[in-house]
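Visitor: Here's my sequence, what's the structure:
(one chain, ligands or ions: 2)
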Amino acid sequence: MSVANKVAMVTGAAQGIGRAASEVLLKNGASVMLADMNEMQGASTLADLSQQFGKSRVAFVKCDITKQDQLDAAFATTKSTLGGIDIVFNNAGIGDEGNGWELTVDVNVKGTMKATKTALDHLRKDKGGRGGVIVNMASMAGLNPNPCGPVYCATKAAVIMFSRCWAMNPDVSANGVRINVLAPAFVDTDLLKGLQGGAGINRPDIAAKMVQMVGVMSVEQLAEAFMELVTDDTKTNAVLTISANTGKAYYGQ
Ligand SMILES: NC(=O)C1=CN([C@@H]2O[C@H](COP(=O)(O)OP(=O)(O)OC[C@H]3O[C@@H](n4cnc5c(N)ncnc54)[C@H](O)[C@@H]3O)[C@@H](O)[C@H]2O)C=CC1
Ligand SMILES: CC/C=C\C[C@H](O)[C@H](O)/C=C/C=C/C=C\C=C\C(=O)C/C=C\CCC(=O)O
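Guide: Ligands and ions are numbered 1, 2, ... in the order given. From the prediction side, this is the model:
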């Protein structure tokens, strides 16, 4: 599927991977709603992207994905401002392993689940949508256990299983919706800084060795992998892993 003239909503779009994915969607002719809880960073990203791609194809909505009312409003605003919705990238996520660990579960698991269910209500043809694709952000940390971030790893494993179960539901495919998962190793963003110990990670020394061993990708590499999951119509229930040293591979295939 070409993304030209399609409408996308990206959560966690104010910076990092979400911003890079939004940029590549815009470059390829889509309209994009940047959804993020960080209004200040969101406004700055909106200003940059509007300058590059024009004001009519990009907008920002404040949205905390743990809040159902804000998700409902974000989807409604996307449709009214940009003329519908075809692509949803549930990318927002955090990695606090310390005192804030419950928020990590709330955002990564419950937030992603709420956003996926809301996306299905807006995309499914039997619910008045026009079909489309949902990409949920997991991590290779959700596939391979390690001692550094048990909470983070468990949340990402939950995202993978939740997404795959929905993708297999015949009511979803029959109504024109594909669901895929992106599972990267380390990417050069603010989140990765948590591995240096600030977010209460267990054994930052082991994490540092893992980073050294696996390597670190650019956000642009992630945006390209995201686009593969969006544009390849044969991909549904696909989990695309990607790391700097080993490249891309579909899990289980
Ligand atoms: N950076 C890495 O090495 C990896 C990142 N990931 C995943 O990629 C996703 C994006 O992370 P990065 O770009 O690296 O991080 P980042 O910290 O640079 O960006 C995350 C964005 O999400 C937003 N956000 C956080 N909580 C939110 C909420 N409740 N509602 C709405 N927006 C919220 C933040 O304001 C921020 O703009 C996350 O789900 C992360 O777990 C997965 C594997 C590796
Ligand atoms: C990507 C981690 C981002 C943020 C760190 C958080 O702050 C959190 O507190 C801790 C998370 C701990 C994560 C530990 C490991 C993460 C591993 C990967 O993302 C993938 C790395 C390697 C995959 C190669 C392999 O295992 O085969």
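Visitor: List the contacts of the residue of the stretch 151-253 of the chain found nearest ligand 2.
Guide: Relative to ligand 2, the nearest point of the stretch 151-253 of the chain is residue 194 (2.2 Å; CB to the nearest ligand atom). The C-beta positions use only the backbone N, C-alpha and C, and glycine is treated the same way. By CB atoms under 8 Å, 6 or more residues apart in numbering, the contact list for residue 194 reads 95, 96, 97, 201.
Visitor: ok, now residue 186?
Guide: So residue 186 contacts 192, 195, 210, 211, 214, 215, 216, 217, 243, 244 (CB under 8 Å, 6+ apart).
Visitor: Kindly report the same for residue 160.
Guide: 138, 142, 143, 181, 183, 239.
Visitor: how deep is the second one tucked in, by neighbour count?
Guide: To tie it back to what came earlier, the one meant is residue 142. The burial count assigned to residue 142 is 24, neighbours taken as other CB atoms under 10 Å.
Visitor: for ligand 2, what are the nearby residues on the chain?
Guide: Applying CB under 6 Å from any ligand atom, we find that the chain lies next to ligand 2 at 95, 97, 139-141, 144, 146, 148-149, 152, 185-186, 191-192, 194-195, 199, 201, 207, 210, 214, 243.
Visitor: Show only the entries of those found in strands.
Guide: residue 243 (DSSP state E).
Visitor: So is the longest helix along the chain next to ligand 1?
Guide: Using DSSP state H, we find that the single longest helix of the chain is helix 150-167. No: residues of helix 150-167 contacting ligand 1 under CB under 6 Å from any ligand atom: none, with a closest distance of 6.8 Å.
Visitor: go on, stretch 9-18?
Guide: Yes: judged by CB under 6 Å from any ligand atom, stretch 9-18 and ligand 1 are in contact via 11, 12, 14, 15, 16, 17, 18.
Visitor: want to throw these into a markdown table with pLDDT?
Guide: A markdown table is the format used below for the residues of stretch 9-18 next to ligand 1 (pLDDT from 0 to 100):
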| residue | pLDDT |
| --- | --- |
| 11 | 99 |
| 12 | 98 |
| 14 | 98 |
| 15 | 98 |
| 16 | 98 |
| 17 | 98 |
| 18 | 98 |
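Visitor: For residue 120, give me its contacts.
Guide: Residue 120 makes contacts with 127, 134, 166, 172, 177, as judged by CB under 8 Å, 6+ apart.
Visitor: which of the residues you listed count as buried?
Guide: Buried members of those, counted by 16 or more other CB atoms under 10 Å: 134, 166, 172, 177.
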